[in-house]
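Novice: need a structure here:
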Amino acid sequence: MQVWSQAATLQKNKLASDAPFLILVEVICKSLPEPIYLVRNTEKITWRGVDWIQFPLEIDSSSEDGKTIPSLNIKISNCGGIVQQYIQQYNGLVDSEIKIYVVLASNVSSSAAEFELDFLITQTKYNEQWITFTLGASSELINRFPTNKYIADFCPFTCKDIRCGYTGAGSCVNNLKSCLIPLRFGGEPGMTT
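Specialist: Here you go, the predicted structure:
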């Protein structure tokens, strides 16, 4: 459960307030000498000893269907082509880390964010108005775990590789019936289908 600071809780519960919650975006690309620091605000702010440049940005709502890995779109203004030059030079900033912070404007002296999310940029699109980053989870969720799976009557070895051990002229189709060295079969013949 996310625990908000006492100052943020008081501001959040007021009917009217002059201290907005600011959304800060940090783009960390290994090819860049330093991260890109942007804030959705009308003026530059200093937080954690870093100057965050004011920039129009929008965050779309996220939806999950249970079948695909969830993703989130964030739009950054393409005014002046400032961020676009990085996109064109560094492969769309794909696989770069992106961190989203929510900070209370009246509490920027505190180095703690009210809310913090970490993503990876999985896709980039842009036009004259907006740069749209599709954000996703880290690549660990894309890889299969465990790496091996057991299937009855299927050999995971490639015919004639070192694990297969066959060096003759024929080939097999990765099942026990066509295996050319049955003692070296890499599948699980004891499993029932």
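Novice: Which elements pack onto the helix-or-strand element of the chain with minimal mean pLDDT?
Specialist: In the chain, no helix or strand scores lower on mean pLDDT, DSSP states H and E than helix 6-13, which sits at a mean of 78. Applying 3 or more CB pairs under 8 Å, 6 or more residues apart in numbering; DSSP states H and E, we find helix 6-13 packed against strand 21-28, strand 97-104. C-beta: built from backbone N, CA, C; applies to glycine.
Novice: domain parsing for this protein?
Specialist: Following automatic domain parsing, one finds the domains of the chain at 6-141, 144-193.
Novice: which one of those is the most hemmed in?
Specialist: Scoring those by mean neighbour count under mean count of other CB atoms under 10 Å gives domain 6-141 as the most buried, with a mean of 15.
Novice: which residues does Val50 bridge with?
Specialist: Here Val50 sits in beta bridges with Trp47, going by DSSP bridges.
Novice: Make sure it is actually in contact with Ile36.
Specialist: No. Proximity of Val50 to Ile36 does not meet the contact threshold set by CB atoms under 8 Å, at 10.9 Å.
Novice: can you tell me which strand in the chain is longest?
Specialist: Longest strand in the chain, counting residues (DSSP state E): strand 115-126.
Novice: Please save the CA atoms from that strand in PDB.
Specialist: Provided in PDB are the C-alpha atoms of strand 115-126 (Å, rounded to 0.1, in the frame of the first residue of the first chain):
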ATOM      1  CA  PHE A 115       4.400   8.100  -5.700                       C
ATOM      2  CA  GLU A 116       7.000   6.500  -7.900                       C
ATOM      3  CA  LEU A 117       6.700   4.100 -10.900                       C
ATOM      4  CA  ASP A 118       9.400   2.400 -13.000                       C
ATOM      5  CA  PHE A 119       9.000   1.300 -16.600                       C
ATOM      6  CA  LEU A 120      10.900   0.500 -19.800                       C
ATOM      7  CA  ILE A 121      10.100   2.100 -23.100                       C
ATOM      8  CA  THR A 122       8.900  -0.600 -25.400                       C
ATOM      9  CA  GLN A 123       7.800   1.400 -28.400                       C
ATOM     10  CA  THR A 124       8.100   5.000 -29.600                       C
ATOM     11  CA  LYS A 125       5.900   6.900 -32.100                       C
ATOM     12  CA  TYR A 126       5.900  10.600 -32.900                       C
END
